[in-house]
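Visitor: test case, fold it:
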Amino acid sequence: MVKKSVFPIFILFILVGCASRMKDQMKAYREAYALGDYTKAQKLLEESELKKDQKSLLLWHLESGTVTLAQNNLDEAVIHFQKSLELIDRLFTTKLTSKAASLLINDASDDFYGASYERSYAHYFLAKALYERFLEKGNKLDLQGARGTILAWDSYFSELQRSASRKTLYHTDLMLKVFGAQIHEVSEIRNDNQIALQLYKDALGILEVQGGIFFLFNKNNAEYIKAYEAAIQEGKLPPSKLYEKTLAYEDLRDFLHWKILATTKAVRGPDFQNQVKSLKPKNEIIQKASGTVSNVSVILEEGLIPPKVGKPFNFGLKGAMGAVSNPGARNFIASVGAEALTLFAMNKLGMVPTQKTNPGQFVFAHSVTKLAVHEAAIEFELPMIESSELVQRLELFVLNDKGVIIQKMPLPVISENGDIAKVVLEEDVVSRYTKTGSRVAVRHLMAIVAAMGVYQKLKTGNDGDFLAKTAALATYVGATKGFAVLEKADTRHWTTLPQAIRMTELTLPPGNYKIGLANYSGEEAPKAPTKILGDILVKETGKSLHTFRFSRPN
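Guide: The predicted structure is shown next:
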């Protein structure tokens, strides 16, 4: 019979084995999705351990929704994303807040709650799936469902801000405003065009302030983030001089200027010139906004979000000694002294810091690792996002049925989800580091106390030091067996979430067209497409939505 003390460790290793298999399966699924083989991707997902894991039910629905939507299976996609939002509401409102204090959030053995950006984008995908189904079947209930999902998305961010223990940099999203405005433009509800206009203005305001967080829009984003992190706690704005705008910023600003002016012309004609004076847009933007109303939306979901990985962190033992609750252990620490226990851990057990550098690039607080500098330290993991290649500036081409280019324009990035994820997870590290480190360190301290007790009993002069040290080390290793499993970061994530989402609008007469892309060379626009994404059909009436996916395996 397995001893009772060993049984939990045995179970943990079984769980680790399952997690390892799931990780390999999800990697194969991600690769198939990236290559555009959605049938294979869905098959791999259906056969994976994820489907059986009740703790990962939310992740299962998010992934299933994504892959079915990619295959234009709109009914299934809608069901999966509706279930995702139901789970998010239940987990977020009934479990996430209460578990914050216990530090079980995102633990690999706990429920998958999703990071704030993953919970956010479940709303986008449901709204888009409902809107696409409305365009296909004409059921106005789907259109109103899409509108309702946008409103729920906005409410999600309001609730996130109210429930957060600290103000977060990710407190709204450009896609919420831009895609939400598009849904309101076509919702057929009175005054919704007025709402759409305000949403486009809100998006411009977000770009002008929050956009500076991201390197895509701001060459000096590292310094801007430091200033923003301090300013947001005081309800202020960061200095605008730290926002060094990029061409990606200009592309998105021009798009938003156009939409604000075009929507103003449609709903508040007399205000058009006042809006021109306020925005000071380019002349070509004014001319474009003065023309006919757009009737085609093009969305490009580009790449895949970088994988979430476990990053190692150190935490000094001294910082956790006050958190030891066991009376015997507290008395022992008091009798030998914190310095003596620390030196014993370093010299006899070899517990020296291994991670002295800061894994965070800009959000991670500089003071966070101060307890792990040169003292005895334990190591544990927290989830972080891997860095990814910066998305490139792209030109969109529209070709007629004879292959002639009839329109070309920059295709602006609305949302760079890799950057968003990096900000969110690094903020999470800042808020979790001390509490998680203390919890893990206390476990180790109990083992160190036991090991030092063994060492003191066995050491008899210099000749007995080797035997005592060996026994102490064996005691420590035995007591901490399985800790490494418990200290692994939860790296489950929505692996098919796009790295970037781009969007623009077109005005086209009815007919068949091809959509192409090409990279800019510096500031020089390409003259012809290097990749054809696919075909679109523009009908006589109504506004059409066309989504393309442009992924590279990684």
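Visitor: which stretches of the chain have low pLDDT?
Guide: 1-19, 93-108, 164-166, 353-375, 461-464, 484-485, 552-554 (pLDDT under 70).
Visitor: the helices in the stretch 51-200 of the chain, which residues?
Guide: Applying DSSP state H, counting those that start in this stretch to the stretch 51-200 of the chain gives helices spanning 57-70, 74-91, 97-99, 116-137, 140-163, 174-185, 192-209.
Visitor: over to the stretch 401-550 of the chain?
Guide: Using DSSP H, counting those that start in this stretch, helices in the stretch 401-550 of the chain cover 417-458, 465-480, 483-486.
Visitor: and the longest one, what does it pack against?
Guide: When you say that, I think you mean helix 417-458. Contact analysis of helix 417-458 by 3 or more C-beta pairs under 8 Å, 6 or more residues apart in numbering; DSSP states H and E lists helix 116-137, strand 308-316, helix 327-336, helix 338-347, strand 377-385, helix 465-480, helix 483-486, strand 500-506 as its packing neighbours. Using the backbone N, CA and C atoms, a C-beta is placed for each residue, glycine as well.
Visitor: in a markdown table: those, plus mean neighbour count and distance to residue 548.
Guide: Formatted as a markdown table, those follow (neighbours: other C-beta atoms under 10 Å; distance: least, C-beta to C-beta, whole Å):
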| stretch | mean neighbour count | distance to residue 548 |
| --- | --- | --- |
| helix 116-137 | 23 | 13 |
| strand 308-316 | 20 | 26 |
| helix 327-336 | 14 | 60 |
| helix 338-347 | 16 | 56 |
| strand 377-385 | 23 | 25 |
| helix 465-480 | 16 | 51 |
| helix 483-486 | 16 | 42 |
| strand 500-506 | 22 | 9 |
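Visitor: any chance of those in a markdown table, plus distance to residue 431?
Guide: A markdown table is the format used below for those (distance: least, C-beta to C-beta, whole Å):
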| stretch | distance to residue 431 |
| --- | --- |
| helix 116-137 | 12 |
| strand 308-316 | 13 |
| helix 327-336 | 27 |
| helix 338-347 | 26 |
| strand 377-385 | 10 |
| helix 465-480 | 26 |
| helix 483-486 | 20 |
| strand 500-506 | 27 |
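Visitor: who wins for proximity to residue 537 among those?
Guide: helix 116-137 (11.1 Å; C-beta to C-beta).
Visitor: got the angle for that closest one vs helix 57-70?
Guide: Angle, helix 116-137 to helix 57-70, by axes from the mean of the first three to the mean of the last three C-alpha atoms, to 10 degrees: 40 degrees.
Visitor: check the offset of helix 116-137 from the chain's centre.
Guide: 17 Å (C-alpha atoms, centre = their mean, to the nearest Å).
Visitor: right, and residue 443 touches residue 482 too?
Guide: No: look at residue 443 against residue 482 with C-beta atoms under 8 Å: they stay out of range, at 10.1 Å.
Visitor: closest one to residue 57 among the helices and strands packed on helix 417-458?
Guide: Proximity to residue 57 (C-beta to C-beta) singles out helix 116-137 among the helices and strands packed on helix 417-458, at 13.1 Å.
Visitor: what residues does the spatially most central residue of the chain make contact with?
Guide: In the chain, the residue lying closest to the centroid (C-alpha atoms, centre = their mean) is residue 421, at 2.9 Å. Residues in contact with residue 421 (C-beta atoms under 8 Å, 6 or more residues apart in numbering) are 115, 117, 305-306, 308, 385.
Visitor: tell me which of those is nearest to residue 406?
Guide: residue 305 (33.7 Å).
Visitor: report the secondary structure state of the closest one.
Guide: Three-state assignment for residue 305 (DSSP: H, G, I helix; E, B strand; the rest coil): coil.
Visitor: what is the neighbour count of residue 457?
Guide: A total of 11 residues lie near residue 457 under the criterion other C-beta atoms under 10 Å.
Visitor: and it, what does it touch?
Guide: So residue 457 contacts residue 468 (C-beta under 8 Å, 6+ apart).
Visitor: how about 10 Å then?
Guide: Shown in contact with residue 457 (C-beta atoms under 10 Å, 6 or more residues apart in numbering): 468, 471-472.
Visitor: and which of those residues is nearest residue 453?
Guide: Looking across the contacts of residue 457 and measuring by C-beta to C-beta, the closest to residue 453 is residue 472, at 8.6 Å.
Visitor: close enough to count as contact, the closest one and residue 350?
Guide: No: the pair residue 472 / residue 350 is not scored as a contact, 11.2 Å apart, by C-beta atoms under 10 Å.
Visitor: outline the domain layout of this structure.
Guide: Residue ranges for the domains of the chain, per automatic domain parsing: 1-46, 53-164, 170-293, 309-387+423-486.
Visitor: go through those and name the closest to residue 550.
Guide: Taking those one by one with C-beta to C-beta, domain 1-46 is closest: 9.3 Å.
Visitor: between the helices of the stretch 401-550 of the chain, which gets nearest to residue 60?
Guide: Here helix 417-458 is closest among the helices of the stretch 401-550 of the chain (C-beta to C-beta), at 19.8 Å.
Visitor: chain center to that closest one: distance?
Guide: 23 Å.
Visitor: let me know the angle separating it from helix 327-336.
Guide: Using the same axes, to 10 degrees: helix 417-458 against helix 327-336 is 70 degrees.
Visitor: okay, the helices of the stretch 401-550 of the chain in TSV with distance to residue 246 next?
Guide: Output for the helices of the stretch 401-550 of the chain, formatted as TSV (distance: least, C-beta to C-beta, whole Å):
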stretch	distance to residue 246
helix 417-458	13
helix 465-480	48
helix 483-486	42
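Visitor: which one of these lies nearest to residue 134?
Guide: helix 417-458 (25.2 Å).
Visitor: that older thread, closest to residue 493 out of the helices and strands packed on helix 417-458?
Guide: strand 308-316 (4.1 Å).
Visitor: and the direction of the closest one versus that of helix 417-458, what angle?
Guide: Counting by the same axes, to 10 degrees, strand 308-316 lies at 40 degrees to helix 417-458.
Visitor: quick one: strands adjacent to strand 308-316?
Guide: strand 377-385 (antiparallel) (DSSP bridges).
Visitor: how far away from the center of its chain is the following helix or strand past the partner strand?
Guide: Per DSSP states H and E, the first helix or strand lying C-terminal to strand 377-385 is strand 394-399. Remark: strand 394-399 is offset 29 Å from the chain centroid, using C-alpha atoms, centre = their mean.
Visitor: packing partners for strand 394-399?
Guide: Here strand 394-399 touches helix 247-267, strand 296-302, strand 405-410, strand 500-506, strand 511-519, strand 531-538, going by 3 or more C-beta pairs under 10 Å, 6 or more residues apart in numbering; DSSP states H and E.
Visitor: angle of that strand against strand 296-302?
Guide: Going by the same axes, to 10 degrees, strand 394-399 makes 140 degrees with strand 296-302.
Visitor: and strand 394-399, which strands flank it?
Guide: Partners of strand 394-399 in its sheet, by DSSP bridges: strand 405-410 (antiparallel), strand 511-519 (antiparallel).
Visitor: want to throw the domains of the chain into CSV with distance to residue 523?
Guide: Output for the domains of the chain, formatted as CSV (distance: least, C-beta to C-beta, whole Å):
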stretch, distance to residue 523
domain 1-46, 30
domain 53-164, 31
domain 170-293, 7
domain 309-387+423-486, 25
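Visitor: looking at those, which is closest to residue 406?
Guide: Across the domains of the chain, closest to residue 406 is domain 170-293 (C-beta to C-beta), at 14.6 Å.
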